[in-house]
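In: Could you look at this predicted model? Sequence included:
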Amino acid sequence: MKGHLLMSSSNSSIENIYKLNGKVPVGKAIPFGLQHILAMFVANIAPIIIVGGASGLSSAQTARLIQSAMIIAGIGTLIQLFPLWKIGSGLPIVMGISFTFVSIFCYIGPTYGYNAIVGAVLVGGIVEGVLGLFAKYWIKLISPIVAASVVTSIGFSLLSVGASSFGGGSGSENFGSATNWILGTITLLSCIIFNILAKSYFKQLSVLFGLIVGYIVAVIMGVVDFSSLSGTSIVAVPSLMPFKPEFNANAIFSVILIFLVSATETIGDTSALAASGLNRDVTAKETSGSIACDGFISALSSVFGCLPITSFSQNVGLVAMTKVVNRFAIATGAIIMIIAGIFPIFGALLATLPDAVLGGCTLMMFGTIVISGLQMISNCGYSQRNITIAALSLSIGIGFTQVPEIFSIFPKIIENVFAENCVAVVFIVSIILNLVLPKNMETVVPKEDNENK
């Protein structure tokens, strides 16, 4: 009888990882939290390294910002999981430093200085946060087909990120080398084989298994650089206002535009997560809280001199692939991020993960987001109106950003916002089409209805 009860309890805890609010033992939760952190760690610190370098920050300043980024990302993730008032969605969203702002910051930093970036992030974050709180007044503009098109574009935009990591990381000296091909392939095969052979909930740890195998192989091949660990302090507390905010009108205007783009990505991420992880539509309250969290946490990030925080699409892909939505399990990952920020040596060790290993794990995850978006489009029905909105917005958004020179006739600020950001273009085009196309366009009966007839 006792053994039966233990087995029943074990099965219940396994099933709970697929439930938003299920009770999961700490020992079972930590691997899933760690899997999320390893999937986003490199992408979380890369924007700081890029923007810091372009803005002329010292290596010591950049290191302190990376430390702050881990703590803020952890706090932001906890608030998304367990909302404070109306801030946070209550969904298994993982937060991190946004790549969306990199191009505009690489323009503002050298032109106006890093302090102007901090000031613009503070103002822009508050603007997005307030927009999130009042989302119920404008969220109706984001119809299901608009959200589906944005989600699909997010998936497509990430494919090149995964491929770049697989090759060794954009700008690396040995990009596309045999070493990186071997590491990426071994990691990818490890994920697939583990997912096929593993039993029960262990199947959902295929990404973590692939990362571990890839990392071990990388160490054996001698391509893991441990030099960054020397001289790294064990414990450190980030400082408040390491950079005094400067409020430059041009910088603030351009950054607010990007915050609006970031909000659309958050809407897409939140919609995709609800659809793929919970098999339902996202609620207006969840979307509002998610956007508000993005904005206000970004404003808090600027207080620590850091860059904007947003929902991470790669982690949405991980949820879509594993179906693990338990908030407590993902919260353990947020705590790991905070620990990595307080103990820099821990973060420095995670940072030694080679890009090729990460790329091998993310290819399937990013592809899953594309499929989720296509499923959302299918659920909207294949009416002539929906087909026109999805087809035209995706073809313009993805097509035009493949040849960014096409935006050269526009002012520099507009070019920086849209030239390489297909999600922003897809959002704008789909919103315009959704507003101007007649509601009574000739419709095509959805496939399911045809079969029923």
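Out: Received, thanks.

In: Mind jotting down where the helices sit in the stretch 351-453 of the chain?
Out: 355-380, 384-402, 412-418, 422-436, 447-452 (DSSP state H, counting those that start in this stretch).

In: what do you get for the stretch 51-200 of the chain?
Out: 59-81, 102-112, 114-133, 144-166, 178-197.

In: related to what we said a few turns ago, which of the helices of the stretch 351-453 of the chain is buried the deepest?
Out: Per-stretch averages of neighbours, counted by mean count of other C-beta atoms under 10 Å, single out helix 355-380 among the helices of the stretch 351-453 of the chain, with a mean of 23. Quick note: C-beta positions are derived from backbone N, CA and C, even for glycine.

In: re earlier: next, format the helices of the stretch 351-453 of the chain as JSON lines and append mean pLDDT and distance to I212.
Out: Formatted as JSON lines, these follow (pLDDT from 0 to 100; distance: least, C-beta to C-beta, whole Å):
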{"stretch": "helix 355-380", "mean pLDDT": "82", "distance to I212": "9"}
{"stretch": "helix 384-402", "mean pLDDT": "93", "distance to I212": "34"}
{"stretch": "helix 412-418", "mean pLDDT": "77", "distance to I212": "39"}
{"stretch": "helix 422-436", "mean pLDDT": "89", "distance to I212": "32"}
{"stretch": "helix 447-452", "mean pLDDT": "55", "distance to I212": "42"}
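
In: Can I get those in CSV including distance to G162?
Out: CSV is the format used below for these (distance: least, C-beta to C-beta, whole Å):
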stretch, distance to G162
helix 355-380, 4
helix 384-402, 16
helix 412-418, 23
helix 422-436, 15
helix 447-452, 30
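
In: of those helices, which approaches N250 most closely?
Out: helix 412-418 (7.6 Å; C-beta to C-beta).

In: out of the helices of the stretch 51-200 of the chain, nearest to M40?
Out: helix 59-81 (8.2 Å).

In: How about that closest one, which residues are buried there?
Out: For helix 59-81, the neighbour count (16 or more other C-beta atoms under 10 Å) marks 61-81 as buried.

In: quick one: which of the helices of the stretch 51-200 of the chain is nearest L435?
Out: Going by C-beta to C-beta, the one of the helices of the stretch 51-200 of the chain nearest L435 is helix 144-166, 9.9 Å.

In: Could you report the separation of the residue nearest the centre of the chain from S276?
Out: Centroid-nearest residue in the chain, with C-alpha atoms, centre = their mean: F312, separated by 1.3 Å. F312 is 15 Å from S276, where distance means C-beta to C-beta, to the nearest Å.

In: With A236 instead?
Out: Counting by C-beta to C-beta, the gap from A236 to S276 is 38 Å.

In: Settle it for me: which of these two has more neighbours?
Out: S276 (23 against 15; other C-beta atoms under 10 Å).

In: What count of nearby residues applies to W85?
Out: 9.

In: what's near enough to touch it?
Out: Contact partners of W85, counting by C-beta atoms under 8 Å, 6 or more residues apart in numbering, are absent.

In: and it, backbone torsions?
Out: phi 60, psi -120 (degrees, to the nearest 10).

In: can you offset everything so residue one is 38?
Out: In the new count, where the first residue is 38, that last one comes out as W122.

In: Just the pLDDT for the residue nearest to G397 when sequence neighbours are not counted.
Out: Spatial nearest neighbour of G397, chain neighbours left out: T224 (2.9 Å); criterion: C-beta to C-beta, 6 or more residues apart in numbering. T224 is assigned 92 on the pLDDT scale.

In: so who does T224 touch?
Out: Contacts of T224 by C-beta under 8 Å, 6+ apart are 247-248, 250-251, 254, 393-394, 396-398.

In: Kindly recompute the last result at 7 Å.
Out: By C-beta atoms under 7 Å, 6 or more residues apart in numbering, the residues touching T224 are 247-248, 250-251, 394, 397-398.

In: now swap in S126 and tell me
Out: Contacts of S126 (C-beta under 7 Å, 6+ apart): 117, 120, 307, 323, 326-327, 330.

In: out of everything not next to it in sequence, what's closest to it?
Out: Per C-beta to C-beta, 6+ apart, closest to S126 is S327, 3.8 Å.

In: Would you mind pulling up the elements that the strand or helix carrying the one you found packs against?
Out: Using DSSP states H and E, the element containing S327 is helix 321-340. Here helix 321-340 touches helix 96-118, helix 151-170, helix 286-314, strand 346-348, going by 3 or more C-beta pairs under 7 Å, 6 or more residues apart in numbering; DSSP states H and E.

In: The residue nearest to the centre of the chain and G133 touch, don't they?
Out: Yes. In this structure F349 lies within contact range of G133 using C-beta atoms under 7 Å: 4.6 Å.

In: so what's in contact with the two at the same time?
Out: Shared contacts of F349 and G133, counting by C-beta under 7 Å, 6+ apart, come down to M77.

In: got any ranges where this protein has weak pLDDT?
Out: 38-50, 79, 96, 140, 237-238, 265, 268-269, 384, 479-490 (pLDDT under 70).

In: how about 50 then?
Out: The model of the chain has pLDDT under 50 over residues 39-45, 490.
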